[in-house]
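Trainee: Whatever this is, show me its structure:
(3 chains)
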Amino acid sequence: MYEIVSSVKRDYIADLARQNKRTDGRTLDQLREVSVETGLIKSAQGSALVKMGNTQVLAGVKIEKGEPFPDTPDSGVLIVNAELRPIAAPTFELGPPNENSIELARVVDRGIRESESIALDKLSITSGEEVWMVYIDLHALDHDGNLLDASSLAAIAALWSIKKPEIEGWTLDEFPIQKKPIAVTVAKIGDKLMVDPSLDEENVMDARLTIATTEDGSICAMQKGGTGYLTVEEIKAAYELARAKAAELREHLK
Amino acid sequence: MLHVQNRELVIPGQLLAEGSYLLYGGAFKEGKNVYSSVVGLAEVRGQDIRVIPLQGCYIPQRGDFVIGVVVDKHSSGWILDLNSPYAGNLFVSSLLDRKVDLDREDISQYLKMGDVVAAEVADVDERMRVLLEASGPGMGKVTGGKLMEIAPTKIPRVIGKKGSMSAMIQDTSGCRLRAGQNGRIMIWGNDPRMVRAVVEALLMIEREAHTSGLTDRVHQFLEKIKSGGE
Amino acid sequence: MEKPEKLIVDGKRLDGRGPEELRPIKIQAGVLKRADGSAYIEVGNNKVLAAVYGPREMHPRHLQQPDTAVLRCKYNMAPFSVDDRKRPGPDRRSVEISKVIREAFEPVVFTKLYPRSGIDVFIEILQADAGTRTAGINAAAVALADAGIPMRDLVTSVSVGKVEDTIVLDLIKEEDQYGTTDMPVAMLPRKKVITLLQMDGHLTQEEFERALALAMRGCEQIYETQKAALRAKYATKPEGE
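Mentor: Numbers count the residues shown, from 1 in each chain, chains lettered A, B, ... in the order given. You can find the predicted model right below:
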């Protein structure tokens, strides 16, 4: 199932965009109201509920013993999974993960993995046999646009919320999290770029670019989405936006 | 014997009255007792009882003015989403008010997927198949403006007694407003700030439809925005 | 989890409650934007979210009923909701629970008012501590009312069990795992009839009757919390007052 956007809505959003305006009164470079609540799920070692406007994503981190990958016998394992269940939107269907939930999980994973935010080499128990598995499960609760940024923020907030895990066999003093990669999605409507697309903007946009950056501004993940195209200038401009907004979002991790 | 007061907030399964009352919606009888079936405001007039639901989907009824969105087409017309479990069928002859030779004319020139159409519900059969009529004055394809949706149960409040609320909003804001029974509202205006103000006013009505003094509060809010306030 | 030595000491259970006491309950109605109706509930350490979509066009078409709405229910546990991470996706337990929850609501929803449509109820367990299905039912009832779906009554639910020869109300994890009997019950609070009843364990007839009566008393208390949650949503003071 997919959403049909009425022509009136499409025209209205495009019209406003030409005037650098948005339907909810935001400027093109303005985020919606963001809130991050951590530690709310006691059955998880780390958890975070992120709200961006009306979009809500809950992330839970579970740490368990498991087998390492054969080619990295001394490394812990990171697994990111996303559930876009029908509770969050009328267009989500039950069933195995579809391309949207898989893409979302993999992009969030990339930001955390490529930035080496978790020191996976500290998570080995017995070389080649037993390591710590870090499962990040993203649970979308309410979809009002930009699940990707909300999920990415929830994942990193959940990781940073882990106090010393009370699990049998855990010997480290703390959970080895060392960076704060933040994904920011920039949507293109006409020839305007805007951050944190709302649901309507997402349904109307030509393309989007998601860029995850760490504290020093270096890029650890990128993903272009949508059926349209981006010019080189637009990509550069998107990077500047993403870096600035990532710094804003990072404030919520304190 | 009544167990509730007029305009009292009731919930499903709540006892409203005992005895021979006539029910007009939102309520049901079991034996001699009348119960509410929804969360809403009980309304009692003499021997008539109903509960005005505070939430609920739109069910098309003959004569309703609705705002639909084209989601599918067939050989002689289109299917319109009506913000309801039931979609509406619009034959091309009901849009153009004339017979159409389907072999000669390509009807896709009149409406495309995603087009917004102001229409009237011409008929609803017992299988809930809905027939639309869109050739009358003020009907047909809608362009420009802003389309928003609120809970259909709140539309009567947006229109107001004899259209008073909707007239007040239009007069105060300088925008034009058309509200469909199915919860969809079109707003046209030259000043985007006033259009947004009207959107806010409509959301306020949706939130506070069950309270009194609402017309005044909405009026004050719009006046404040008009004179440059936030 | 290690088995505790005793589950009841001097009439007090592991969490300090007496045998006939409920865990603290909190319910909020209307917590999601996209869903037509929703409710969030905390029962002890359970955190459960229920959402309702409908009545809406029913897909797939071939499952439509010509004269009635089709009620569907999906109970799901988030992977992080339990001590040992649960693999995402439906398991046999979730499928059975989804069915009995749907059947708990079928007697009350006026499905005949919406032919050919579907009414979907989604229950997501975010944090689990025994009694997730009963917490889910209590939230789903509020979510259905929040969505404006006409019903004959709310549905209220609680579990009872037997722990060290004592009949107890509203089991926690340890009591569910190490007690001898677990019996979830759902009731229509107005007519006091039962729409969900499951039991595993061992009860004499006399014990069963006592347990059922205790469950119904527990439901009556929970019903008050459900009603309050629905009223609270509309008790908001309008701006400017």
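
Trainee: Tell me which residue is most central in chain A.
Mentor: A:Ser152 (2.0 Å; C-alpha atoms, centre = their mean).

Trainee: In chain C, which residue sits closest to chain A?
Mentor: Closest residue of chain C to chain A, C-beta to the nearest C-beta: C:Phe80 (2.6 Å). Bear in mind the C-beta positions are built from the backbone N, C-alpha and C, glycine included.

Trainee: what comes up buried for the lengthiest helix in chain C?
Mentor: The longest helix of chain C (DSSP state H) is helix C:205-233. Across helix C:205-233, burial judged by 16 or more other C-beta atoms under 10 Å in any protein chain shown covers C:207-208, C:211-212, C:214-216, C:218-219, C:222-223, C:225-227, C:229-230, C:233.

Trainee: What is the neighbour count of the nearest residue to C:Lys233 once chain neighbours are set aside?
Mentor: Using C-beta to C-beta, 6 or more residues apart in numbering or on different chains and skipping the chain neighbours, the partner closest in space to C:Lys233 is C:Ala29 (4.6 Å). Neighbours of C:Ala29 under the rule other C-beta atoms under 10 Å in any protein chain shown: 24.

Trainee: Likewise for A:Arg208?
Mentor: Residues near A:Arg208, counting by other C-beta under 10 Å: 24.

Trainee: in terms of contact, does it touch A:Thr185 like I think?
Mentor: Yes: between A:Arg208 and A:Thr185 there is a contact at 5.5 Å, judged by C-beta atoms under 8 Å.

Trainee: Do you have the strands of the stretch 151-254 of chain A handy? List them.
Mentor: Along the stretch 151-254 of chain A, counting by DSSP state E, counting those that start in this stretch, strands occupy A:182-189, A:192-195, A:207-213, A:219-225.

Trainee: And the average pLDDT for the first one is what?
Mentor: Meaning strand A:182-189. Over the span of strand A:182-189, the pLDDT mean works out to 97.

Trainee: now for that strand, which elements pack on it?
Mentor: Contact here means 3 or more C-beta pairs under 8 Å, 6 or more residues apart in numbering or on different chains; DSSP states H and E; on that basis strand A:182-189 packs against helix A:7-18, helix A:99-114, helix A:147-160, strand A:192-195, helix A:199-204, strand A:207-213, helix A:232-250.

Trainee: One more: the second one?
Mentor: Helices and strands touching strand A:192-195, by 3+ C-beta pairs under 8 Å, 6+ apart, are helix A:7-18, strand A:182-189, helix A:232-250.

Trainee: how close does the nearest residue to C:Glu106 once chain neighbours are set aside sit to A:Ile167?
Mentor: Nearest residue to C:Glu106 in three dimensions, chain neighbours excluded: C:Leu71, at 5.9 Å (C-beta to C-beta, 6+ apart). Taking C-beta to C-beta, to the nearest Å as the measure, C:Leu71 falls 41 Å from A:Ile167.

Trainee: Could you do A:Glu116 as well?
Mentor: 23 Å.

Trainee: In contact with C:Arg152, which residues?
Mentor: B:Pro12, B:Gly13, B:Phe28, B:Glu30, B:Tyr35, B:Ser37, C:Pro107, C:Val108, C:Phe110, C:Leu188, C:Arg190 (C-beta atoms under 8 Å, 6 or more residues apart in numbering or on different chains).

Trainee: Check whether stretch C:14-28 comes near chain A.
Mentor: No: applying C-beta under 8 Å from any C-beta of the partner chain, one finds stretch C:14-28 separated from chain A by no less than 13.2 Å.

Trainee: Just give me the neighbour total for residue 66.
Mentor: Went with chain A since none was named. What A:Gly66 shows, counting by other C-beta under 10 Å, is a neighbour count of 15.

Trainee: nope, chain C please
Mentor: C:Pro66 has 9 nearby residues by other C-beta under 10 Å.

Trainee: How about B:Asn190?
Mentor: Neighbours around B:Asn190, by other C-beta under 10 Å: 8.

Trainee: ranges for the helices of chain C?
Mentor: Taking DSSP H as the test, the helices found in chain C are C:92-105, C:132-146, C:173-178, C:205-233.

Trainee: Include mean pLDDT when you put those into a markdown table, please.
Mentor: Formatted as a markdown table, those follow (pLDDT from 0 to 100):
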| stretch | mean pLDDT |
| --- | --- |
| helix C:92-105 | 96 |
| helix C:132-146 | 98 |
| helix C:173-178 | 93 |
| helix C:205-233 | 96 |
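
Trainee: Let's have the ones you listed in JSON lines, adding distance to C:Leu126.
Mentor: Output for the helices of chain C, formatted as JSON lines (distance: least, C-beta to C-beta, whole Å):
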{"stretch": "helix C:92-105", "distance to C:Leu126": "15"}
{"stretch": "helix C:132-146", "distance to C:Leu126": "10"}
{"stretch": "helix C:173-178", "distance to C:Leu126": "15"}
{"stretch": "helix C:205-233", "distance to C:Leu126": "18"}
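
Trainee: possible to save the contacts of C:Arg152 as CSV with pLDDT and distance to C:Thr156?
Mentor: Shown next, in CSV, are the contacts of C:Arg152 (pLDDT from 0 to 100; distance: C-beta to C-beta, whole Å):
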residue, pLDDT, distance to C:Thr156
B:Pro12, 97, 12
B:Gly13, 96, 10
B:Phe28, 96, 19
B:Glu30, 94, 18
B:Tyr35, 97, 16
B:Ser37, 97, 17
C:Pro107, 96, 13
C:Val108, 97, 11
C:Phe110, 97, 19
C:Leu188, 97, 8
C:Arg190, 95, 10
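
Trainee: Narrow those residues to just the buried residues.
Mentor: The neighbour count (16+ other C-beta under 10 Å) marks B:Pro12, B:Gly13, B:Phe28, B:Tyr35, B:Ser37, C:Val108, C:Phe110, C:Leu188, C:Arg190 as buried among the contacts of C:Arg152.

Trainee: Looking at the residues you listed, which are in strands?
Mentor: Using DSSP state E, the subset of these located in strands is B:Phe28, B:Tyr35, C:Leu188.

Trainee: residue contacts, C:Leu154?
Mentor: C:Leu154 neighbours (C-beta under 8 Å, 6+ apart): B:Ile11, B:Pro12, B:Gly13, C:Val108, C:Ala141, C:Val142, C:Ala145, C:Leu188, C:Pro189, C:Tyr223, C:Gln226, C:Lys227.

Trainee: rerun that using 6 Å as the cut-off
Mentor: Contact analysis of C:Leu154 by C-beta atoms under 6 Å, 6 or more residues apart in numbering or on different chains lists B:Gly13, C:Ala141, C:Gln226.

Trainee: which residue sits closest to residue 107, ignoring its sequence neighbours?
Mentor: Because you didn't say which chain, this covers chain A. A:Gln223 (4.8 Å).

Trainee: Can you look at chain C instead?
Mentor: C:Thr195 (5.5 Å).

Trainee: so that neighbour touches C:Pro184, yeah?
Mentor: No: between C:Thr195 and C:Pro184 there is no contact under C-beta atoms under 6 Å: 11.3 Å.

Trainee: Near chain B, which residues of chain C are found?
Mentor: Contacts of chain C with chain B, taken as C-beta under 6 Å from any C-beta of the partner chain, map to C:55-57, C:114-115, C:117, C:145, C:148, C:150-151, C:153-154, C:190, C:227, C:230, C:234, C:238, C:240.

Trainee: Make a PyMOL selection of the buried ones in those residues.
Mentor: To isolate the buried members of the residues of chain C next to chain B in PyMOL, using 16+ other C-beta under 10 Å:
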select buried, chain C and resi 55+56+57+114+115+117+145+148+150+151+153+154+190+227+230+234
